[in-house]
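Visitor: coords below, sequence missing:
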Ligand SMILES: CSC[C@H]1O[C@H](OP(=O)(O)O)[C@H](O)[C@@H]1O
Ligand SMILES: Nc1ncnc2[nH]cnc12
């Protein structure tokens, strides 16, 4: 941990277009290494106006040099865990699969459809110790509800609409979808699409970190037959127009997340979720795996 007296319990993962939180007071930059390799970027520790600390990590690197399939997600989650992080508010640029989710709107999803292709390491339990995490509700429900209430309030005097209770399709990329795929995702019940909510949400769950996603809708993907399919220029243009909203939203939610995590309030309780998930008998645990897992789940592997 950065300091035993002051662990950093709340983190932001910034996605496309959100490479720093320059509206917060930066305290230091940490160049961390973990048992799972180096994270996507140095981690910025910033201080909120209330005096509380938050960590910020750029998912694709500060210069956006890492593709969605190659984001070192295990290292990112391990690095945040090593700081004492208990809740992550992640940001993502998404395509809209629904007419009513317009570009620039914000979406806080509650479900995921996995269309990644199995090429991303998506578990900490692949080296002789097996665990099956619950994932029926892939985002922390208490954190998601809290963010919904605060973001709604932040947006009340703006033109930006908030959508909650939606389903995000996570595709492999880096190419965008075909029109046929985009139409199929709508039939499946997908509302928005990105390339990065997985395995981030799965690994946060395994590390007993509460995780929720705030998405900016940037385009209508490829399903609207009368329009050109999505381009990067369209995504970046929308994000540029919306960048202040994401930063304002981040600054507004973080204090509330801190409060909700406090033991007095106990509204968000990330610990304990993996307690009954480990199936491998203790005597079969490879020592080398125990050493790695100690950094992720010290309560079970110390
Ligand atoms: C640049 S468009 C595709 C890219 O944007 C989203 O990134 P993030 O989720 O990190 O904001 C999407 O997932 C793709 O990685
Ligand atoms: N249409 C889209 N498909 C996948 N990821 C996206 N990120 C932003 N727009 C997207």
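Guide: That came through fine. Keep in mind it's a predicted model, so treat the numbers as computed, not measured. Ligands and ions are numbered 1, 2, ... in the order given.
Visitor: what are the buried residues along stretch 33-53?
Guide: Judged by neighbour count using 16 or more other Cβ atoms under 10 Å, the buried positions of stretch 33-53 are 34-36, 39-46, 52-53. All C-beta atoms are positioned from the backbone trio N, CA, C, and that covers glycine.
Visitor: whoops, I mixed them up, stretch 62-76
Guide: Using 16+ other Cβ under 10 Å as the test for burial, stretch 62-76 gives 68, 71, 72, 73, 74, 75, 76.
Visitor: also near ligand 1: which of the residues you listed, exactly?
Guide: For ligand 1, the contacts drawn from the buried residues of stretch 62-76 by Cβ under 6 Å from any ligand atom are residue 68.
Visitor: make CSV from the buried residues of stretch 62-76 and add secondary structure to it.
Guide: Below are those laid out as CSV (DSSP: H, G, I helix; E, B strand; the rest coil):
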residue, secondary structure
68, helix
71, coil
72, coil
73, helix
74, helix
75, helix
76, helix
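Visitor: possible to save the buried residues of stretch 62-76 as JSON lines with pLDDT?
Guide: As requested, the buried residues of stretch 62-76 are exported to JSON lines (pLDDT from 0 to 100):
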{"residue": "68", "pLDDT": "98"}
{"residue": "71", "pLDDT": "98"}
{"residue": "72", "pLDDT": "98"}
{"residue": "73", "pLDDT": "98"}
{"residue": "74", "pLDDT": "98"}
{"residue": "75", "pLDDT": "98"}
{"residue": "76", "pLDDT": "98"}
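Visitor: between the buried residues of stretch 62-76, which is closest to residue 11?
Guide: Closest approach between these and residue 11, by Cβ to Cβ: residue 76, at 9.4 Å.
Visitor: and the closest one, how far from residue 255?
Guide: 23 Å (Cβ to Cβ, to the nearest Å).
Visitor: and if you look at residue 232?
Guide: From residue 232 across to residue 255, the span is 34 Å (Cβ to Cβ).
Visitor: out of the buried residues of stretch 62-76, who's nearest ligand 1?
Guide: Ranked by distance to ligand 1 (Cβ to the nearest ligand atom), those are led by residue 68 at 3.9 Å.
Visitor: for this protein, what spans make up the strands?
Guide: Assigned by DSSP state E, the chain shows strands spanning 10-14, 25-30, 43-47, 53-58, 87-96, 106-115, 162-171, 192-194, 210-219.
Visitor: indicate which one of the ones you listed is closest to ligand 2.
Guide: strand 87-96 (2.3 Å).
Visitor: the closest one and ligand 1, are they touching?
Guide: Yes: residues of strand 87-96 are located near ligand 1 by Cβ under 6 Å from any ligand atom, namely 92, 93.
Visitor: adjust the sequence numbering to begin at 19 for everything that follows.
Guide: From this message on, residue numbering opens at 19, which makes the last subject strand 105-114.
Visitor: quick one: list the elements packing against that strand.
Guide: Judged by 3 or more Cβ pairs under 8 Å, 6 or more residues apart in numbering; DSSP states H and E, strand 105-114 is in contact with strand 28-32, helix 159-172, strand 210-212, strand 228-237, helix 250-279.
Visitor: any chance of those in a markdown table, plus distance to residue 200 and mean pLDDT?
Guide: Formatted as a markdown table, those follow (distance: least, Cβ to Cβ, whole Å; pLDDT from 0 to 100):
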| stretch | distance to residue 200 | mean pLDDT |
| --- | --- | --- |
| strand 28-32 | 26 | 97 |
| helix 159-172 | 25 | 97 |
| strand 210-212 | 8 | 98 |
| strand 228-237 | 11 | 98 |
| helix 250-279 | 14 | 92 |
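Visitor: if you check this structure against ligand 1, which residue is the closest one?
Guide: residue 33 (2.3 Å).
Visitor: burial count for residue 135?
Guide: A count of nearby residues for residue 135, using other Cβ atoms under 10 Å, gives 10.
Visitor: the closest residue to it other than its chain neighbours: neighbour count?
Guide: Spatial nearest neighbour of residue 135, chain neighbours left out: residue 190 (4.5 Å); criterion: Cβ to Cβ, 6 or more residues apart in numbering. The tally of other residues near residue 190 (other Cβ under 10 Å) stands at 17.
Visitor: now for the helices and strands packed on strand 105-114, which one comes closest to residue 122?
Guide: Set against residue 122 and scored by Cβ to Cβ, those come closest in helix 250-279, at 5.3 Å.
Visitor: the closest one near ligand 2 anywhere?
Guide: Yes: Helix 250-279 is in contact with ligand 2 by Cβ under 6 Å from any ligand atom, via residue 253.
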